[in-house]
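Peer 1: attaching a predicted model along with its sequence, questions to come.
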Amino acid sequence: IFVFSASGQESNEPQTNRDAIYIGPCTWILDRKCPDKDVRFWLFTSSNPDERQAIHVDDCWEKSNLSTSFYNPNFPVKIIIHGYNSDMQLTPLIDMKDEYLQRGKYNLFFTDWSVLGPAPCYPAAVHNTKHVGKCIAQLISRIRETGNDDIHLIGFSLGAQITNYVSKQLELTFRLPRITGLDPAMPLFVSADVDNKLDASDAEFVDVFHTNALVQGKIEQCGHVDFYLNGGIYQPGCHNIINNNIFQCSHHRAPDYFAESIRSVDGFWGWRCQNYIYYLLGMCTPTSEDQTIAGEDCRSSSSGMFFIKTNSESPFALGRVTNLVRSINTQTISFNTIRDVDPLMKEIDAFGKLAGNFNNLPYSSNHDSVVNFFRNQGSDEVTHEYVNRLRYQATYCADVLDIYKHDPEYGKTWMFFPNGEGKPQVIELIETNPNAKFSLAHENPDSKITLWLYNKKYKTNPKLLKVTGPESRNNFTIDKSYDSKKKTKFIIHGWQNNLNSPVIQLIKDAYLKESEDFNIVAVDWGKMAQDNNYLSSAASTKNVGKNVAAVIDEMVIKHKAHLTDFHIIG
């Protein structure tokens, strides 16, 4: 590794006055002032829509060239910031420029910091975002000296995280009116505090697009209003693009969607969802109520989490959600069913975990080609046809329109889910009475958790490891059948399961068929897991973890087991 000074000369001695460190193609800014030749600004207006104009700003108005440029203080300002390993020539950013200038009169400032963020220098690029933010703040200070406070920052990927540092540089003198984050970068920002990542405190209004969450973008809410396009992880149509990474394509759809929103006739309209878990459980189906438009025309009063469906190719916008269909003549109402599920969830759906909700059940037993969990359990009848019969069984003699009028949420939060034996049952995922006093916590949870020891000798008659609470190890009895010299497998079931559920028994039996003998510890918390309220069961998992940890402590401390011999399967 060669370290060079700012002048580019090879240096063998540490230099305390250099403004950056250069390692290969990577630049690490140390103490560089703005303006900086590596952070450039280019201006587009209706007077120069195709020819960019270089803008120089300095620490005072006299040293800057705004007064001799095409900049007009009477028009709104848009500052567009690209991401890692990119530059201002990124196609959707150029599209954004063209759309704005066809919409009206704007001052469009493109920030080009590509020299400080090339591949493969992502850690260096993240390090340099604070410096880039400082230089953009200097540009804004000069713009405000013209009396123009109508300033909107639009950042894509790592550029979205830069907007946070712009805000922090200005916070003592100016609060930004609006920031739009387009799939804010996730790597190295997962656990960042609010001073080092984009969040709602960075402007009067922060709106965010999510298109590749959990991969290149963040899944957590970052603004006053967050829009999750097509679930926010994977974008339709990206798998059809030749020689293109499916996740890179999904990531770049964020600026694509926003560019289209600038002049879209239909618009990108989203429906509200309480949180992402509710969405994954199928509880946030499209509704014509409480819709919000995303993109350039997003209202500053918008807040919360919204989901949006798009086309798989341009034009992407589908307009308002119109899922509710009424027919006065037939006296029926119907809800369109979303049959396509997020592709990343398909593997889970194949096991019936999420496939049991009303949105993605097969329409009849003849079409059950993907979701086969219930069929494997001998329950072919669990289809949409069966659900519809069950839904209206108790109200078949009532007028359905009348039911909807008085209870529009009827049946929306139901879900089919297998019990411990794999038999389907209807689950209510939320409290039916919003005024009911309800506590998530189970009483005496430790008494509802038992651990059972299996091995080749005790294949069908396991030995009970008595557990009455993790706080005192005196409450544990490690059965003498436990052999600390053998590897130990803990198997922990999930919601609506118990000791006898296939998830435990099949894994246990498979291990016992191996030539090697194991200590198989089945963790049974079925008394809490079989609560019909999912959130209540989820709240009990911490107690389960504490009990398992305490047993492992006992096995290691008293029975001299090795930690490397433990394997926990949940």
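Peer 2: The structure has been received and is ready for your questions.

Peer 1: show me how the chain divides into domains.
Peer 2: 1-32, 34-267, 348-428, 445-569 (automatic domain parsing).

Peer 1: what mean pLDDT does the last one get?
Peer 2: Averaging pLDDT along domain 445-569 gives 86.

Peer 1: on that earlier part again, how about the domains of the chain in TSV, adding distance to Ser288 and mean neighbour count?
Peer 2: All C-beta spots, glycine's among them, are computed from the backbone N, C-alpha and C. As requested, the domains of the chain are exported to TSV (distance: least, CB to CB, whole Å; neighbours: other CB atoms under 10 Å):
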stretch	distance to Ser288	mean neighbour count
domain 1-32	50	13
domain 34-267	14	20
domain 348-428	11	16
domain 445-569	26	17
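
Peer 1: ok so Trp528 is a helix residue?
Peer 2: Actually, residue 528 is Met. It isn't Trp. Yes - using DSSP: H, G, I helix; E, B strand; the rest coil, the assignment for Met528 is a helix.

Peer 1: distance of the residue nearest to it when sequence neighbours are not counted relative to Tyr534?
Peer 2: The shortest distance from Met528 to any non-neighbouring residue, by CB to CB, 6 or more residues apart in numbering, is to Ser540 (4.1 Å). When CB to CB, to the nearest Å is the yardstick, Ser540 and Tyr534 sit 11 Å from each other.

Peer 1: returning to what we had before: phi, psi of the residue nearest to Met528?
Peer 2: Per-residue torsions, Ser540: phi -90, psi -10 (degrees, to the nearest 10).

Peer 1: am I right that it is in contact with Glu443?
Peer 2: No - with contact defined as CB atoms under 8 Å, Ser540 does not reach Glu443; the gap is 11.0 Å.

Peer 1: residues in contact with the closest residue to Gly295 other than its chain neighbours?
Peer 2: Distance criterion CB to CB, 6+ apart; nearest residue to Gly295, sequence neighbours excluded, is Ser261 at 2.4 Å. Counting by CB atoms under 8 Å, 6 or more residues apart in numbering, Ser261 touches 267-268, 294-297, 317.

Peer 1: can I get the buried part of these as one PyMOL selection?
Peer 2: PyMOL command restricting those to the buried ones, with burial defined by 16 or more other CB atoms under 10 Å:
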select buried, resi 267+268+294+295+296+317
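
Peer 1: out of the contacts of Ser261, the closest to Val208 would be?
Peer 2: Ala294 (9.4 Å; CB to CB).

Peer 1: show me where the stretch 51-200 of the chain has its strands.
Peer 2: 53-55, 77-81, 107-112, 151-156, 178-182 (DSSP state E, counting those that start in this stretch).

Peer 1: out of those, which comes closest to Gly304?
Peer 2: strand 178-182 (15.6 Å).

Peer 1: okay, now the sheet partners of the closest one, with direction.
Peer 2: strand 151-156 (parallel), strand 205-210 (parallel) (DSSP bridges).

Peer 1: OK, contacts around the closest residue to Phe75 other than its chain neighbours?
Peer 2: Counting by CB to CB, 6+ apart, Lys105 is the residue found nearest to Phe75 once chain neighbours are left out, at 4.7 Å. Residues in contact with Lys105 (CB under 8 Å, 6+ apart) are 45-46, 72, 75.

Peer 1: so which of the residues you listed belong to helices?
Peer 2: In helices, defined here by DSSP state H, there are no members of the contacts of Lys105.

Peer 1: any chance of the residues you listed in TSV, plus pLDDT and distance to His562?
Peer 2: Converted to TSV, these look like this (pLDDT from 0 to 100; distance: CB to CB, whole Å):
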residue	pLDDT	distance to His562
Thr45	97	70
Ser46	96	73
Asn72	97	73
Phe75	97	70
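
Peer 1: now what about stretch 109-119, what contacts it?
Peer 2: 25-27, 29, 38-44, 52, 55, 77-88, 93, 97, 124-125, 128, 131-132, 136, 139, 158-159, 162.

Peer 1: and if you look at stretch 211-218?
Peer 2: Stretch 211-218 is contacted from outside by 157, 183-187, 189-190, 210, 219, 228-230, 232-235, 247-248, 250-251, 253-254, 257, using CB under 8 Å, 6+ apart.
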